[in-house]
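> Below are the sequence and a predicted model for it; my questions follow.
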Amino acid sequence: MTVEQVAVIGGTGEEGLGLALRWARAGIGIVIGSRSAERADQAATRVTELVPGASARGLENPDAAAAGSVVVVAVPFEGQATIYKSIAGHLRQDAVVIDCTVPVAAAVGGKATNVLGVWQGSAAQQAASLIPKGVQLCGAFHSLSAVALHDLNSSLEGDVLVCGPRTAKPVVRRLVEAIEHLRFVDAGPLDNARIVEPITALLIGINHRYKVDRAGIRITGLPREEQAPGPAE
Ligand SMILES: NC(=O)c1ccc[n+]([C@@H]2O[C@H](COP(=O)([O-])OP(=O)(O)OC[C@H]3O[C@@H](n4cnc5c(N)ncnc54)[C@H](OP(=O)(O)O)[C@@H]3O)[C@@H](O)[C@H]2O)c1
């Protein structure tokens, strides 16, 4: 399974740009999506400045969503539904959409260490309800700190729990494994996003208590073939 290009909706922001930088480094073409063509261009330029030889361009969100078959959405929960409504009609029928949204209570003025109840069960399930039937959606990358993603001199560590339809997971696995030392963990159907998303709120609290900026998660006891490659000896 190869992924040649990924569109990142909200790719001007902390998490989306961090993921884009890491994927650009892995040789994956980047399309940055934004509500503003100018901001999209600026972020794409940033990718090419920070990752020599990277292929990156910026487009408004609907055009970015139409640009390829892998679309990552990394926007704040308060804007999530509006963004999905703006891109839904532009997604390719064969697209795999990967949602990173965490419904932190900060979206409504509450604490980032608390999560909101979402009618559909989770932000990812809300997203799935807003895209055309047949377009596959997974939830993933919730536990990766944007600070760590942007720190291109440091390797990442930990697991990425991926929820969603089985047939979409090879694409997501490829994107996880394109970022060195990260491990893909199949976290089951999209319904499980209601368990996975709140872990980020827990990690935000752990970051505060330990005065760090990149707490993550690791699942133990998995079979050997699921072990992430360690740093080079
Ligand atoms: N930051 C992290 O460490 C982290 C870690 C894991 C998961 N996440 C999740 O990833 C998502 C993005 O987080 P982030 O920190 O990258 O957010 P962010 O930087 O605040 O926003 C990302 C982008 O979304 C767009 N946006 C901002 N507010 C919006 C609104 N009200 N409506 C529509 N679009 C809006 C903006 O793009 P344009 O203005 O260019 O359109 C912005 O650059 C969130 O759901 C967050 O919970 C974040």
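Noted; the coordinates are in hand. Residues are numbered from 1 along each chain as shown.

> from here on, contacts and neighbour counts on C-alpha atoms
Fine.

> Report the rounded mean pLDDT for the helix ranked longest in the chain.
Using DSSP state H to define each element, the chain has its longest helix at helix 193-210. Across helix 193-210, pLDDT averages out at 98.

> what comes up buried for that helix?
For helix 193-210, burial by neighbour count (16 or more other Cα atoms under 10 Å) applies to 193-194, 196-207.

> ok now that helix, how far from the chain's centre?
Relative to its parent chain, helix 193-210 has a centroid offset of 16 Å by Cα atoms, centre = their mean, to the nearest Å.

> swap in stretch 170-188?
Counting by Cα atoms, centre = their mean, stretch 170-188 comes out at 11 Å from the chain centroid.

> quick one on the thing from earlier: so what secondary structure elements neighbour the longest helix of the chain?
Here helix 193-210 is seen to pack against helix 123-128 when contacts are counted using 3 or more Cα pairs under 8 Å, 6 or more residues apart in numbering; DSSP states H and E.

> does the ligand sit close to the helix it packs on?
No. Against the ligand, helix 123-128 shows no contacts by Cα under 6 Å from any ligand atom, the least distance being 8.5 Å.

> Beyond that helix, next helix or strand please.
Per DSSP states H and E, the first helix or strand lying C-terminal to helix 123-128 is strand 136-139.

> List the buried residues of the next helix or strand after that following strand.
Using DSSP H and E, the helix or strand that directly follows strand 136-139 along the chain is helix 146-150. For helix 146-150, the neighbour count (16+ other Cα under 10 Å) marks 146, 148-150 as buried.

> nearest to the ligand, of these?
Distance to the ligand across the buried residues of helix 146-150 (Cα to the nearest ligand atom) is lowest for A146, with 3.7 Å.

> In contact with the closest one: list those residues for me.
A146 is in contact with 14-15, 18-19, 214, counting by Cα atoms under 8 Å, 6 or more residues apart in numbering.

> G16 versus that one, what's the distance?
8 Å (Cα to Cα, to the nearest Å).

> surely A124 meets T101?
Yes. Using Cα atoms under 8 Å, A124 is in contact with T101, at 7.0 Å.

> of those two, who's got more company?
More neighbours surround A124 than the other of A124 and T101, with 30 against 25 (other Cα atoms under 10 Å).

> Skipping adjacent residues, who's closest to H142 in space?
Using Cα to Cα, 6 or more residues apart in numbering and skipping residues adjacent in sequence, the residue nearest H142 is C100, 5.2 Å away.

> and that neighbour, what is it in contact with?
Counted by Cα under 8 Å, 6+ apart, C100 has contacts 72-75, 124, 139-142.

> Could you tell me which residues of this protein lie near the ligand?
Residues of the chain lying near the ligand (Cα under 6 Å from any ligand atom): 10, 12-16, 34-36, 39, 74-79, 83, 100-102, 142-146.

> Among the residues you listed, which are located in helices?
Using DSSP H, the residues of the chain next to the ligand in helices are 14-16, 39, 77-79, 83, 146.

> most neighbours, which of the residues you listed?
Most neighbours among these, by other Cα under 10 Å: E15, with 27 neighbours.
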